[in-house]
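*Asks:* Sequence first, predicted model second:
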Amino acid sequence: VWNIITGKVEKDFVCHQGTVLSCDISHDATKFSSTSADKTAKIWSFDLLSPLHELRGHNGCVRCSAFSVDSTLLATGDDNGEIRIWNVSNGELLHLCAPLSEEGAATHGGWVTDLCFSPDGKMLISAGGYLKCKELELSLL
């Protein structure tokens, strides 16, 4: 964690066994995520040096993550085109989204490189395709 005014390191986290590929900060600025080539993602508190949750289940490098606007969900994307949606408070897997076209072919053709929740938290945009997860209705929250 860097201080952008001084340019100095504030905290140094030992995050993963593999290369760290991305990170994101929750919109409430209390947590951050890290993703890795070790096929895991982690949710961290800025106050602790150990992760709050280690998110397992991806079968490929986890390339990206994104917090929902209300900071209750974390989406992660991997090299196999899978997107997983997690509960930030307990680390539980809520949904596995394998983006498919109408013909049944993967829309990403491989890596998911970026994710972004809509402001209302009901849709998720992924690099290389558009994904609408009806399961994200507010009833989950």
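*Replies:* Received it, and whenever you're ready, just let me know what you need.

*Asks:* distance of the residue nearest the centre of the chain from Gly7?
*Replies:* For the chain, the residue nearest the mean C-alpha position is Ser65 (2.4 Å; C-alpha atoms, centre = their mean). Ser65 sits 25 Å away from Gly7, going by C-beta to C-beta, to the nearest Å. C-betas here are computed from N, CA, C, even on glycine.

*Asks:* Val88 now?
*Replies:* 30 Å.

*Asks:* Those two: which is more packed in?
*Replies:* Of the pair Val88 and Gly7, Val88 is the one with more neighbours under other C-beta atoms under 10 Å, namely 21 against 7.

*Asks:* If you tally nearby residues, what's the number for Ser34?
*Replies:* Ser34, neighbours per other C-beta under 10 Å, totals 20.

*Asks:* Quick one: residues contacting it.
*Replies:* Residues near Ser34 by C-beta atoms under 8 Å, 6 or more residues apart in numbering: 13, 15-16, 20, 22-23, 41-42, 44, 65.

*Asks:* next one: Cys61
*Replies:* Counting by C-beta under 8 Å, 6+ apart, Cys61 has contacts 18, 21, 36-37, 39, 78-79.

*Asks:* Asp24 is in contact with Ser33, correct?
*Replies:* Yes. When contacts are counted by C-beta atoms under 8 Å, Ser33 is listed as touching Asp24 (4.9 Å).

*Asks:* list residues touching both of those two?
*Replies:* Common neighbours of Ser33 and Asp24 (C-beta under 8 Å, 6+ apart) are 65, 67, 74.

*Asks:* Pick the one among these closest to Lys122.
*Replies:* Phe67 (15.0 Å; C-beta to C-beta).

*Asks:* about what we covered before: now the shared contacts of Ser33 and Asp24 as a markdown table including distance to Met123 and secondary structure?
*Replies:* Below are the shared contacts of Ser33 and Asp24 laid out as a markdown table (distance: C-beta to C-beta, whole Å; DSSP: H, G, I helix; E, B strand; the rest coil):
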| residue | distance to Met123 | secondary structure |
| --- | --- | --- |
| Ser65 | 17 | strand |
| Phe67 | 15 | strand |
| Leu74 | 16 | strand |
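
*Asks:* rewinding a little: please identify, among the contacts of Ser34, the one with the most neighbours.
*Replies:* Result: Ala41 is most packed of the contacts of Ser34 (other C-beta under 10 Å), 33 neighbours.
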